[in-house]
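Enquirer: Just the structure for this:
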Amino acid sequence: MKQWLASSLTAFNAAWGTAVQPVAFVNFRERQSPRDGQDVGPFHWHIALEADLNFRLAAFKRALFVNHRVASHWSCSHTGYLSAVRYGCMPMPGKPQDDLDPSLLPGHVK
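Expert: Numbers count the residues shown, from 1 in each chain. Reported below is the predicted structural model:
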């Protein structure tokens, strides 16, 4: 995880002439709702990322795809890094403890 994050930031910084550095991130998976004929839904991944500078998501998304063939979707609907982390590790109505990922992958860069 740290490797593709670092190489994506390197590509992003080279293309845009900036110096965005990650401060912290956490990676967790979430099960989607079952689709027709499925008993359980597939997993998808979330990454909460805190950087030392604000940056535009489209360029980072492109760097992820070009360098790693990772299709990603980005959201700014949280109120900061801890809000995004809380979404993945705190139970809430409609998301019981059993549905949370027991293997969060934290990474503090600094």
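
Enquirer: all helices of this structure, in order?
Expert: Taking DSSP state H, the helices of the chain run over residues 2-16, 57-68, 81-89.

Enquirer: Point out where the protein drops to low pLDDT.
Expert: Where the chain drops to pLDDT under 70, the residues are 1-9, 11-18, 104-110.

Enquirer: Spatially central, which residue of it would that be?
Expert: In the chain, the centroid-proximal residue (Cα atoms, centre = their mean) is residue 47; its distance is 1.6 Å.

Enquirer: Quick check: the residue lying closest to residue 35 once chain neighbours are set aside vs residue 95, distance?
Expert: Of all residues beyond its chain neighbours, the one nearest residue 35 is residue 41 (6.5 Å), with distances taken as Cβ to Cβ, 6 or more residues apart in numbering. Quick note: C-beta positions are derived from backbone N, CA and C, even for glycine. For residue 41, the distance to residue 95 (Cβ to Cβ, to the nearest Å) stands at 13 Å.

Enquirer: For the two, list the residues in contact with both.
Expert: Common neighbours of residue 41 and residue 95 are not found (criterion: Cβ atoms under 8 Å, 6 or more residues apart in numbering).

Enquirer: For residue 49, which residues are in contact?
Expert: Per Cβ under 8 Å, 6+ apart, neighbours of residue 49: 5, 22, 24, 25, 81.

Enquirer: Just give me the neighbour total for the closest residue to the last one other than its chain neighbours.
Expert: Computed as Cβ to Cβ, 6+ apart, the closest residue to residue 81 that is not its neighbour in sequence is residue 50, at 3.9 Å. Neighbourhood size, residue 50 [other Cβ atoms under 10 Å]: 16.

Enquirer: Residue 50 pairs with what?
Expert: Beta bridges link residue 50 to residue 24, judged by DSSP bridges.
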